[in-house]
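J.: sequence unknown, structure follows:
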């Protein structure tokens, strides 16, 4: 794993080691904002409250005793690929590997919301973690805060949204949110709040730090930009191999290999260019369509017979005909970096 | 006038020159975010649109031909008194004079909203000025923006809220928003958008730059701070005379003089302390209660017979029994500075 920050722990999966459909837990990226809290499985308590009829708390045993589901979901950090921005933007300098695909097991959030009884004007569900500290970006609150994010109610009620206590058939590790985390498939990783201890139904949009100062972008409304929280993952593909500046043999068949994903809709195709985007060929999709999970892909490249530098690109398309952009949208600032990243390689 | 910034123009009224109930226009503070646009009275157009049934535009002549009202309202900059914060906060270092009281004449905003026909889910009215530029604070939009603020619909419908074209019985000067500005009595000055050219009804809360990055504060909701736009002026009094570090004669009667105001409710009393807050006496209120307008006050002080330094304080009370605080609330950051400011004076 590549260390992006020691304390709090931020580790990146070396994306050129992409192999199976499921990312093993020890290779799954870790994004933390504050030191990982030490929660105890015996004393753990999840409160469900706010604008509700019947607030309640659950122990870990009570949660585990409820009906559970398993969902395969790709989580990507909203700042993944930030190192490719020019000029450099503040924040962890992720390359391609702040993304992974895992199996998550837990109770549907909608089950807990049905039990608690939402009041009619509830518009969002706030997910609060037990991790606390003083955040870095402006504007900064004048106190320590927890990591809290809201999910719009329509998404919170979807069957894929889980209050999860297992990852890849094991209990969660401490850095992945032991004992309980949210999983919001289709949304950037910041929505899948770790160390989840409180679920609060609210009747006005939640404008906490992590959806105004950080994990937010400027949306252009009639030339009048408004600050909006990030939510759905953007359509994206990434080349795992060859890696940047790799030497590739001449006059051979090289299997360009990568993955592609999107937050909503279905990923339909991936195209690859080995000539800086002049021409494109369809890649072979390895995995079938499965909502919220990435699809690995490969493309056999006849490498040139003469030495030189070549620029590889991949580009994803969804079933609605949307294509991955070729340039970063400056409106997205240091997030939503989903343009086709040029991979420079050298033919020997 | 005290110059706080040359370009854009930011001028402060020297508060120790406070005299009449109405602040003359040439002594009224000027707060600008971008260079003042040059609008032409002939080509001026005010658009009223958004989530409405019948969008329309008005010329200046058409606006002037509509029924009009005159409202006396105190406007205070949300950063007034910032120079008294320790440690120093970023922003214009206003002393006490980014406040003034004037007569404003124009058409009720509610009249325009009735004519345009609001859709049922409208929650806020966005007021957009013609002034544009690149703002300074983070997070910064990636483009030039206009000065735009929203007013919650219930306030926008109040009879005191005007689309104004006269100030103190004259047409608006360029720096005060010629030819048309909003006047939102009771709210900090940032709500009274100058060079008003567009009024937009919106169905979701407007999270523009001037109510998230600037002119916003952290409100503590269940220890989970949320970013909220500033709105109502806080209860405040200020001492105009003596001024800071003034020499006052010994053993005489000195008339301590100032003004006091609040954004909602009515100001009921002002107390003065001449001994650093140990004891307090009632000041005499000069002006009667009038919603949205300040009340001047005075207090006869028998100055001490021996030389020395003295600390004067004034404290306002409203009819609900709320008193002006003695300390700045750090949650309010560099805004809402309404604590009792100690005025140090020297008895000769």
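T.: Sure, I can see it. Because the structure is a prediction, the values reported are computed rather than measured.
J.: near chain B, anything from the lowest-mean-pLDDT helix or strand in chain A?
T.: Least confident helix or strand, chain A: strand A:216-221 with a mean of 88, by mean pLDDT, DSSP states H and E. Yes - interface with chain B: strand A:216-221 contributes A:216, A:218, A:220 (CB under 8 Å from any CB of the partner chain). To be clear about C-beta, it is placed using only N, CA and C from the backbone, and glycine gets the same treatment.
J.: For residue A:27, state which of those is nearest.
T.: Nearest to residue A:27 among the residues of strand A:216-221 next to chain B is residue A:216, at 29.3 Å by CB to CB.
J.: Mind listing the strands the least confident helix or strand of chain A pairs with, and their directions?
T.: Looking at strand A:216-221 with DSSP bridges, its partner strands are strand A:224-229 (antiparallel).
J.: Residue A:347 is in contact with residue A:308, correct?
T.: Yes - if you go by CB atoms under 8 Å, residue A:308 and residue A:347 touch, sitting 5.6 Å apart.
J.: between the two, who's got more neighbours?
T.: Taking neighbours as other CB atoms under 10 Å in any protein chain shown, residue A:308 and residue A:347 compare with residue A:347 leading, 18 against 10.
J.: check which helix or strand covers residue A:296.
T.: Assigned by DSSP states H and E, residue A:296 falls within strand A:295-302.
J.: From the chain's centroid, how far away is that strand?
T.: How far strand A:295-302 lies from its chain's middle: 23 Å, per CA atoms, centre = their mean, to the nearest Å.
J.: Now do the buried residues in it.
T.: A:295, A:296, A:297, A:298, A:299, A:301 (16 or more other CB atoms under 10 Å in any protein chain shown).
J.: Likewise for stretch A:126-140?
T.: Those would be A:126, A:127, A:128, A:129, A:130, A:131, A:132, A:135, A:137, A:139, for stretch A:126-140 by 16+ other CB under 10 Å.
J.: what's the most distant pair in these?
T.: The widest separation within the buried residues of stretch A:126-140 (CB to CB) is 24.0 Å, between A:130 and A:139.
J.: Neighbours of the nearest residue to residue A:333 once chain neighbours are set aside, how many?
T.: Nearest non-adjacent residue to residue A:333, counting by CB to CB, 6 or more residues apart in numbering or on different chains: residue A:217, 5.9 Å away. Residue A:217 is flanked by 21 other residues according to other CB under 10 Å.
J.: ditto for residue A:245
T.: Number of residues near residue A:245 (other CB under 10 Å) recorded here: 10.
J.: so it makes contact with residue A:342?
T.: No - applying CB under 8 Å, one finds residue A:245 not in contact with residue A:342, separated by 11.5 Å.
J.: are any of the residues of strand A:216-221 next to chain B buried, and which?
T.: Among these, those buried by neighbour count (16+ other CB under 10 Å) are A:216, A:218.
J.: any chance of the residues of strand A:216-221 next to chain B in TSV, plus distance to residue B:77?
T.: Putting the residues of strand A:216-221 next to chain B into TSV (distance: CB to CB, whole Å) gives the following:
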residue	distance to residue B:77
A:216	27
A:218	25
A:220	29
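J.: Show me which of the residues of strand A:216-221 next to chain B is closest to residue B:145.
T.: Using CB to CB, residue A:218 is the member of the residues of strand A:216-221 next to chain B that sits closest to residue B:145, with 9.0 Å.
J.: residues touching the closest one, list them.
T.: Each residue near residue A:218 by CB atoms under 8 Å, 6 or more residues apart in numbering or on different chains is listed here: A:225, A:226, A:227, A:228, A:331, A:333, B:139, B:141, B:142.
J.: quick one: which of these is nearest to residue B:9?
T.: Proximity of the contacts of residue A:218 to residue B:9, judged by CB to CB, is greatest for residue B:141, which lies at 22.8 Å.
J.: and the gap between that closest one and residue B:110?
T.: As judged by CB to CB, to the nearest Å, residue B:141 and residue B:110 stand 31 Å apart.
J.: Those two: who's more crowded?
T.: residue B:141 (22 against 16).
J.: can I assume the more buried one sits in a helix?
T.: No - going by DSSP: H, G, I helix; E, B strand; the rest coil, the assignment for residue B:141 is coil, not a helix.
J.: was I right about it contacting residue A:226?
T.: No - taking CB under 8 Å as the definition, residue B:141 is not a contact partner of residue A:226, at 9.3 Å.
J.: quick one, what contacts the closest residue to residue A:83 other than its chain neighbours?
T.: Leaving aside its chain neighbours, residue A:83 sits nearest to residue A:93 (4.3 Å; criterion: CB to CB, 6+ apart). With contact set as CB under 8 Å, 6+ apart, residue A:93 has these partners: A:4, A:82, A:83.
J.: residues in contact with the second one?
T.: Neighbour list for residue A:82: A:89, A:91, A:92, A:93, A:94, A:334, A:337 [criterion: CB under 8 Å, 6+ apart].
J.: In chain A, where's the longest helix?
T.: Using DSSP state H to define each element, chain A has its longest helix at helix A:109-116.
J.: May I have the strands that pair with the very next helix or strand once past that one, each with its orientation?
T.: Next along the chain after helix A:109-116, taking DSSP H and E as the criterion, comes strand A:124-133. Using DSSP bridges, strand A:124-133 pairs in its sheet with strand A:145-152 (antiparallel), strand A:196-202 (antiparallel).
J.: What is the burial count for the nearest residue to residue A:161 once chain neighbours are set aside?
T.: Leaving aside its sequence neighbours, residue A:161 sits nearest to residue A:109 (CB to CB, 6+ apart; 4.5 Å). Counted with other CB under 10 Å, residues neighbouring residue A:109 total 27.
J.: residues in chain A within reach of chain B, list them.
T.: Applying CB under 8 Å from any CB, one finds that chain A approaches chain B through A:126, A:128, A:137-139, A:141-143, A:145-146, A:148, A:200, A:204-209, A:212-213, A:216, A:218, A:220, A:222-228, A:330-331, A:333.
J.: the domain parsing of chain A - what is it?
T.: A:2-229, A:236-347 (automatic domain parsing).
J.: what's the closest of these to residue B:41?
T.: Distance to residue B:41, taken as CB to CB, is lowest for domain A:2-229 among those, at 24.5 Å.
J.: Compute the first-to-last residue distance for the closest one.
T.: 28 Å (CA to CA, to the nearest Å).
J.: Check stretch A:264-275 too.
T.: End-to-end for stretch A:264-275, by CA to CA: 30 Å.
J.: now the contacts of residue A:218: which count as buried?
T.: Counted by 16+ other CB under 10 Å, the contacts of residue A:218 give A:225, A:226, A:227, A:228, A:333, B:139, B:141, B:142 as buried.
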